[in-house]
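Engineer: Fold the following, please.
(chains A, B, C, D, E and F)
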There are 6 protein chains.
Amino acid sequence: MDRNIHTFIGCESEYKDADVVIFGAPFDSTTSYRPGTRFASSAIRNESFGLETYSPYQDKDLTDYQIFDGGDLELPFGDPGDALRKIEEYVDGILEDNKIPLMIGGEHLVTLGAVKSTVKKYEDLHIIHFDAHADLRNDYLGVTLSHATVLHRCHDLIGDNKIFQFGIRSGDREEFRWGKNHVTTCKFNFDTLEEVVEKLKGKPVYFTLDLDVLDPSVFPGTGTPEAGGVTFMELLEAIKKVAELSVVALDMNELSPMLDQSGASTAVACKVLREMLLLFGTEYQTED
Amino acid sequence: MDRNIHTFIGCESEYKDADVVIFGAPFDSTTSYRPGTRFASSAIRNESFGLETYSPYQDKDLTDYQIFDGGDLELPFGDPGDALRKIEEYVDGILEDNKIPLMIGGEHLVTLGAVKSTVKKYEDLHIIHFDAHADLRNDYLGVTLSHATVLHRCHDLIGDNKIFQFGIRSGDREEFRWGKNHVTTCKFNFDTLEEVVEKLKGKPVYFTLDLDVLDPSVFPGTGTPEAGGVTFMELLEAIKKVAELSVVALDMNELSPMLDQSGASTAVACKVLREMLLLFGTEYQTED
Amino acid sequence: MDRNIHTFIGCESEYKDADVVIFGAPFDSTTSYRPGTRFASSAIRNESFGLETYSPYQDKDLTDYQIFDGGDLELPFGDPGDALRKIEEYVDGILEDNKIPLMIGGEHLVTLGAVKSTVKKYEDLHIIHFDAHADLRNDYLGVTLSHATVLHRCHDLIGDNKIFQFGIRSGDREEFRWGKNHVTTCKFNFDTLEEVVEKLKGKPVYFTLDLDVLDPSVFPGTGTPEAGGVTFMELLEAIKKVAELSVVALDMNELSPMLDQSGASTAVACKVLREMLLLFGTEYQTED
Amino acid sequence: MDRNIHTFIGCESEYKDADVVIFGAPFDSTTSYRPGTRFASSAIRNESFGLETYSPYQDKDLTDYQIFDGGDLELPFGDPGDALRKIEEYVDGILEDNKIPLMIGGEHLVTLGAVKSTVKKYEDLHIIHFDAHADLRNDYLGVTLSHATVLHRCHDLIGDNKIFQFGIRSGDREEFRWGKNHVTTCKFNFDTLEEVVEKLKGKPVYFTLDLDVLDPSVFPGTGTPEAGGVTFMELLEAIKKVAELSVVALDMNELSPMLDQSGASTAVACKVLREMLLLFGTEYQTED
Amino acid sequence: MDRNIHTFIGCESEYKDADVVIFGAPFDSTTSYRPGTRFASSAIRNESFGLETYSPYQDKDLTDYQIFDGGDLELPFGDPGDALRKIEEYVDGILEDNKIPLMIGGEHLVTLGAVKSTVKKYEDLHIIHFDAHADLRNDYLGVTLSHATVLHRCHDLIGDNKIFQFGIRSGDREEFRWGKNHVTTCKFNFDTLEEVVEKLKGKPVYFTLDLDVLDPSVFPGTGTPEAGGVTFMELLEAIKKVAELSVVALDMNELSPMLDQSGASTAVACKVLREMLLLFGTEYQTED
Amino acid sequence: MDRNIHTFIGCESEYKDADVVIFGAPFDSTTSYRPGTRFASSAIRNESFGLETYSPYQDKDLTDYQIFDGGDLELPFGDPGDALRKIEEYVDGILEDNKIPLMIGGEHLVTLGAVKSTVKKYEDLHIIHFDAHADLRNDYLGVTLSHATVLHRCHDLIGDNKIFQFGIRSGDREEFRWGKNHVTTCKFNFDTLEEVVEKLKGKPVYFTLDLDVLDPSVFPGTGTPEAGGVTFMELLEAIKKVAELSVVALDMNELSPMLDQSGASTAVACKVLREMLLLFGTEYQTED
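Structural biologist: Residues are numbered from 1 along each chain as shown, chains lettered A, B, ... in the order given. Modelled structure (predicted):
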């Protein structure tokens, strides 16, 4: 008899066989408003059993894929620098083995650890960023490693005109001003996604999905819900579009399960994760 | 002084005068994920007093109708077969008296009891099924009487090409495959409803409404919320369309009130029920 | 060191400098269904710190405005008449100083106190009313001062054809009948808003916003959620339209924070309030 | 078939046969802090089905009693005076028929309506009052009919030295001062109950139980929980002691069900109600 | 890298090395009131990381023990007979390997599966039963396999005078009557536990702990909270007493995590489980 | 008109007149389990209006005291060192003005900032520590500034035999071992408090109260509830005992309001705070 193994539904491959590796980064130490995203990866695994492995949207099934679920990293609350180092090292290992890391946050700051690792392998890295918030501050109450600064820090690593934001509907005035000269921001929706995807074809892309890009009606379980977001179907179509690119690493973050006791927020996160795995993973065999 | 009578708002007719009989089937013993639909009928009665009897959508008023509320059946948890028998017998009585039964679940399995009764009276019965889930499994962990198999069991009773599903967006691969040869499934929405209604004119119809066909933003209070559902107005228009048919029995199920502590899910269920009563019942007199 | 000052974000002007005065009217004594709006103004202040002062919708910033937050009135539960008198007196003071009062309810009845004051200064007052409920009853269980009668009471003060309602989707039959002869009601949406605004240009307008005009998916945190409401973006556009008029006083009411523990309802109320302040206040200086 | 009858468990007698009449007074219009007691009587009926009719504490069974459940009064929010009149009239009828009224509040103010009625029949009425709060204010923000003044108002009716309070652990300084000269207060516990009961033997007694006399650990579901209260067993013993007196009318109030989503507060209220019915009602037959 | 292993804190031994095997029986299909115990074992594993492995009560540490966590059985909702068979088989395997099974329910019915297995190995099996409810019905609405009948069914297997109940404070009259002749019941508390333990020394004992024996103030997260229960310290002392016996199998059940959103109920269940493991397991080495 | 001032009830003195200064330290960045204590000070102010200024326990009234409420510090999430510096500086100012600081956490780490300041003024500082957890780790996942290490860090500052802990019932084995040689720990209760108080008479004392020393039945609203705690009355008596000492600074921490939606936890925190203010502040005048 084996000790209790607990993975996202349908993600039961061994590491060596997998082409996608999912793992949790349960960290929310810099969250300035309502914390709780540390519980996201665990909740997503638990609740995934209310989901099917089969997607009627794509007519594909997770059972035909090879995905490894590495569980959660143990990250030190109160020391963001060290937490990011641990994430970076973990992603280093996955990339070295030529697999795609898919990190489940946690607060958005965790993205920085994964990007740091990815840019070492892929020098010309571009970032596609779906979010309600610009996350472009230079510091937040003097703190430079923060959920509110994470895309600015990514810009420090990859430079101008490599970050493409969509769905943004919140930020301070300074963020939007700075952003105009350094990143490309599509406010409120995905209107310019198609042209951006055309432009980035062939380039290595990191895809970071802050789930609060969804409208709070669909996804209330997040620290700072921002009215006026996108629907689930709009998000799904946009992710499909991103999947036309060479996405070499990706993440999904900012679910705070205990803020939505109906479970609907966790359920939609599970569904988005299933669809991403079916889009960014490789279909090995199809039963027929 | 009378003992405390407690009905859905505006449904205060005596049995003999009524043409529609509503009753609760508080059973959720086979629910595989988050239970709680057993509390739906009671919650709907309680919360109906936050609603009006008048519908501005239809310019009709429940006070002009003759509806009897028979309360809740007492169903044995842990014995689905016996529970279904009790439902069947109760519906037998209503149909015998030439009234329309409107059952409030409970989990979706309760539909089977009512369909069993209805098909005895109406041999050529057809089923209109609104749902997020296909419910077409043959068994679930070996159990053949389950919320996940209920439409398959209905098919056992009425045969091929008599079940028409709408809004379906979840199921395992096998369900969809089996469904292709035995039932008619409109995935995600009501796009083909109009033509189905044309086709079924004149035939006896059982209408089963799993409220989780609604988007979880509108209706989070259900065991397995599935993102990507329909809006309240889309559902209302679809029900109006179904009301053009000879609906001889119907049900509404899968509200789990305690999963949505805002009360919005129960409120929308109450409103859907009011609109259904105004559509499927008979307007006796109009005040003017 | 100063005692703890607690205002809505960005509303830190002194009274003398302000052109808009916000204040809370924490009263819900006549609420017939689920109470709790008494906590709205306090929750809105607390939660406003999850918001930015900058609006990407309008490219404006609260830091460029002069708004005074007067805190909450102390209102006697159980004595609606006295509560309304206290509101009226407070608004008298604000109007006398030629400032715009923006009251945060509380139940909708509080509007009557503010309208009473406003109509004393602006004889030809018109009312724009966004709501799910008509609120046109003459009495409710014999009570004439009630959340369900408030617009009828306002009509008592300003007379026929001066009240314009939008988004209404609930009421009893009698309310709609009475309304036809005395007020102008646009059911379900804002379809006729543009023409109404054209017509009212130049006239003094009181704008009362019952937040339950929003769909419950966006705003579940209210006593009587009514499915079939408007989206946040539709509401925002409608408010912008109203801002073309001479709005001399306004209010926002019916948030019941504890009914939505995700915080999303309070967050959308904060956002609506920010946009209203940016629309109805005066931009003093712009940083550049 | 009968319309849905909904009573507290085991209270299914007809009015004419009953010696105890329970009814709800769902009113909380003057509640100054967190409202919600209006939902108590309905919740108690619903949740009573998680209880047994048999009490192992008393070895008695509700099925051997004759209790009538008259349902809930319809009380006008926003008009406390009228609400109290409606309660008074209803109690008048019960007392006239020589039955014992047991009212389920609602906020504590409802007691005043019942006491007004009772004192008309029993001139020498005494009151036993269990509560965390003294409720002895003369007015509250100018309002004289308030949950915070109710025992002062009762004193207006019955005079000095007729009110005996137990468990009191909250009030303003003035209440305690006034109380010293007019009522008898046992702070924190039931230490002097036995001697009071000795003293009141043979006199007509109204017993008013504010459930917040219980410790908030046992009963968190109330508007103003006050730490340092009594246990369930202490309360049960105290009620048994009171039952040695000639209690001619009684009430139980201040459960606010939605403040305790575990349901434990409603469950303890149900259990207290069962024990009170077994103590203050008459055992008609014993099965054996 | 290993797939994500998820156990109760400190229970990381391999099966072959362990002397105690914990596993979940997530089944609540016959629960007649509020379901949800199916989520207990998963919640207990998740929340155990808020606990320490070290007990200051016993000065022992789980890290010195050999405990295997086998995860959760997959049990068919709606078929109690089959669910019990699956439990029985699993326990058969554990007992065959001379290990102690510690099952985490689920509803109390799951005990029957484990007892069925245990009595096959230990003919003279006795049962120690801590509970608020007698669970001695012969059937419940005609269902014989039910949480409300489980101890009666155990009696069918092991006969008269072998079941010893403690803490019982709820049941119908018939249960208590039947019980008098067949089992030994200590109502309300553990007063007679010491003498029972003396009597059972040397005999094989099955220990079943329904956590609702605890007072609802300590443990509100259960389907039918019964006021008047024991404290945590009283329970701990009682379990220590039971540990003087030859306990050959045991279980802990009736936590319903989602009914107590504070997490305190799950936390106390974790703590009780830790103490039980330290009492019923074997201390292998002590670090020093 | 003044901007909205928001203080704990009855704490409305100006700074210059006050002898006690309360302020919030809303920081929980190192909380390893369930965060949320950042919201404590704000919730305590809000909810204090459900409390009276008068204490029947002490027959004293906050209106006779001079207490200043300085509001909340703005602390940088993700940088514990800087947060502690900001707390230290703020306390420096208060101590310099010969006032007593009473800090409301936040997580327990905030104590370190206040102790750092206090020990600069009072070299021979002793600490009285009420808590469920020992908080004596040297580091937690490598982090030395953590809620789990805070008393060890205090020990770094003040040395051996100066810290006296009470109520401790959780910690890892190593903490208890280390503690034996460096601090004085009274496990589970306050049994040795009286003798400790005797010993510390005349010495300067810092009093730190982790509210989770209370039993979770009384205080479920905390990140890591530990069964087996003290009652409210036991805590109150213990605090009175501590008030016999020369307490020069104090704090109260670890309330996480959103974990207890009944509000009872926040209410007990408010009551404890009132009693502490009446004990550690100075009664200026008594009305009579």
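Engineer: Identify each buried residue in stretch A:79-99, please.
Structural biologist: Within stretch A:79-99, the residues that count as buried by 16 or more other Cβ atoms under 10 Å in any protein chain shown are A:79-80, A:83-84, A:86-88, A:90-92, A:94-95, A:99. C-betas here are computed from N, CA, C, even on glycine.
Engineer: and if you look at stretch A:142-152?
Structural biologist: So for stretch A:142-152, counting by 16+ other Cβ under 10 Å, buried means A:143-152.
Engineer: Make CSV out of these and add pLDDT and distance to residue C:24.
Structural biologist: Shown next, in CSV, are these (pLDDT from 0 to 100; distance: Cβ to Cβ, whole Å):
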residue, pLDDT, distance to residue C:24
A:143, 94, 33
A:144, 96, 37
A:145, 96, 38
A:146, 95, 32
A:147, 95, 31
A:148, 95, 29
A:149, 97, 34
A:150, 98, 36
A:151, 98, 37
A:152, 98, 37
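Engineer: okay if I get these as TSV plus secondary structure and distance to residue B:221?
Structural biologist: Listed next are the buried residues of stretch A:142-152 as TSV, based on DSSP: H, G, I helix; E, B strand; the rest coil; distance: Cβ to Cβ, whole Å:
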residue	secondary structure	distance to residue B:221
A:143	strand	39
A:144	coil	42
A:145	coil	39
A:146	coil	36
A:147	coil	31
A:148	coil	34
A:149	coil	38
A:150	helix	35
A:151	helix	36
A:152	helix	40
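Engineer: among those residues, which are in reach of chain D?
Structural biologist: Among the buried residues of stretch A:142-152, not one lies near chain D by Cβ under 8 Å from any Cβ of the partner chain.
Engineer: of those residues, closest to chain D?
Structural biologist: residue A:147 (30.2 Å; Cβ to the nearest Cβ).
Engineer: For that closest one, list the residues it contacts.
Structural biologist: With contact taken as Cβ atoms under 8 Å, 6 or more residues apart in numbering or on different chains, residue A:147 is in contact with A:28, A:30-32, A:107-109, A:135.
Engineer: Give me the contact status of stretch A:16-33 with chain C.
Structural biologist: Yes - contact between stretch A:16-33 and chain C, assessed by Cβ under 8 Å from any Cβ, occurs at residue A:33.
Engineer: circling back to that earlier point, make TSV from the buried residues of stretch A:142-152 and add distance to residue D:172 to it.
Structural biologist: TSV is the format used below for the buried residues of stretch A:142-152 (distance: Cβ to Cβ, whole Å):
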residue	distance to residue D:172
A:143	45
A:144	51
A:145	50
A:146	46
A:147	45
A:148	45
A:149	50
A:150	51
A:151	54
A:152	54
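Engineer: low-scoring pLDDT stretches of chain A, where are they?
Structural biologist: A:286-288 (pLDDT under 70).
Engineer: Flag every residue of it that's near chain F.
Structural biologist: So far as Cβ under 8 Å from any Cβ goes, chain A lies against chain F at A:28-32, A:34-36, A:38, A:74-80, A:82, A:109, A:140-143, A:145-146, A:258.
Engineer: returning to what we had before: just name the closest of the contacts of residue A:147 to chain E, please.
Structural biologist: Using Cβ to the nearest Cβ, residue A:28 is the member of these that sits closest to chain E, with 15.7 Å.
Engineer: interface residues of chain A facing chain C?
Structural biologist: A:33-34, A:168-173, A:176, A:187-188, A:215-218, A:220-221, A:223-228, A:259-261, A:265.
Engineer: Which of those fall in helices?
Structural biologist: Counting by DSSP state H, these place A:173, A:176, A:265 in helices.
Engineer: out of these, which one sits closest to chain B?
Structural biologist: Using Cβ to the nearest Cβ, residue A:265 comes nearest to chain B of those, at 8.8 Å.
Engineer: Tell me if I'm right that that closest one and residue A:220 touch.
Structural biologist: Yes - at 5.9 Å, residue A:265 counts as touching residue A:220 under the criterion of Cβ atoms under 8 Å.
Engineer: Tally up the residues packed near the residue of the stretch 51-200 of chain A found nearest chain C, please.
Structural biologist: Nearest residue of the stretch 51-200 of chain A to chain C: residue A:173, at 4.4 Å (Cβ to the nearest Cβ). By the measure other Cβ atoms under 10 Å in any protein chain shown, the count of residues near residue A:173 is 19.
Engineer: just residue A:59 next, same as before
Structural biologist: Using other Cβ under 10 Å, residue A:59 has 11 other residues around it.
Engineer: So it versus chain D, what's the distance?
Structural biologist: The gap separating residue A:59 from chain D is 41 Å, by Cβ to the nearest Cβ, to the nearest Å.
Engineer: mind listing what the residue found closest to residue A:61 once you drop the neighbours it is linked to in the chain touches?
Structural biologist: Leaving aside its sequence neighbours, residue A:61 sits nearest to residue A:54 (Cβ to Cβ, 6 or more residues apart in numbering or on different chains; 4.5 Å). Residue A:54 makes contact with A:60-62, B:171-173, B:176 under the criterion Cβ under 8 Å, 6+ apart.
Engineer: can you pick the most crowded of these?
Structural biologist: That'd be residue B:171 among the contacts of residue A:54, by other Cβ under 10 Å, with 25 neighbours.
Engineer: circling back to that earlier point, ok, so of the contacts of residue A:147, who is nearest residue A:283?
Structural biologist: Closest approach between the contacts of residue A:147 and residue A:283, by Cβ to Cβ: residue A:108, at 30.1 Å.
Engineer: thinking again about what came up before, overlap in contacts, residue A:265 and residue A:220.
Structural biologist: A:259, C:262.
Engineer: Neighbour count: these two, which is higher?
Structural biologist: residue A:265 (33 against 30).
Engineer: out of the ones in helices among the residues of chain A next to chain C, who's nearest chain E?
Structural biologist: residue A:265 (15.1 Å).
Engineer: Excluding chain neighbours, give the residue nearest to that closest one in space.
Structural biologist: residue A:221 (2.9 Å).
Engineer: next one: residue A:167
Structural biologist: Here the residue nearest residue A:167, using Cβ to Cβ, 6+ apart, is residue A:213, at 4.0 Å.
Engineer: One more: residue A:51?
Structural biologist: Residue A:51 sits nearest to residue A:270 (Cβ to Cβ, 6+ apart), 5.0 Å away.
Engineer: Starting from chain D, give me the distance back to the one you found.
Structural biologist: On the measure of Cβ to the nearest Cβ, residue A:270 and chain D end up 24 Å apart.
Engineer: Next: residue A:12.
Structural biologist: Plainly put, residue A:12 is 36 Å away from chain D if you go by Cβ to the nearest Cβ.
Engineer: Three-state assignment for the residue nearest to that residue when sequence neighbours are not counted, please.
Structural biologist: Leaving aside its chain neighbours, residue A:12 sits nearest to residue E:3 (7.1 Å; criterion: Cβ to Cβ, 6+ apart). Here residue E:3 is coil, with the state taken from DSSP: H, G, I helix; E, B strand; the rest coil.
Engineer: thinking again about what came up before, CA atoms of the strand or helix carrying the residue nearest to residue A:51 as CSV?
Structural biologist: Following DSSP states H and E, the helix or strand that holds residue A:270 is helix A:264-280. Written as CSV, here are the backbone C-alpha positions of helix A:264-280 (Å, rounded to 0.1, in the frame of the first residue of the first chain):
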residue,chain,number,x,y,z
ALA,A,264,-17.2,28.7,-7.3
SER,A,265,-13.9,30.6,-7.5
THR,A,266,-11.8,27.6,-6.8
ALA,A,267,-13.9,25.6,-9.3
VAL,A,268,-13.3,28.1,-12.1
ALA,A,269,-9.6,28.1,-11.2
CYS,A,270,-9.6,24.3,-11.6
LYS,A,271,-11.4,24.6,-14.9
VAL,A,272,-8.9,27.2,-16.2
LEU,A,273,-6.1,25.0,-15.1
ARG,A,274,-7.5,22.0,-16.9
GLU,A,275,-7.9,24.0,-20.1
MET,A,276,-4.4,25.3,-19.8
LEU,A,277,-2.9,21.9,-19.3
LEU,A,278,-4.8,20.6,-22.4
LEU,A,279,-3.5,23.6,-24.4
PHE,A,280,0.1,23.8,-23.2
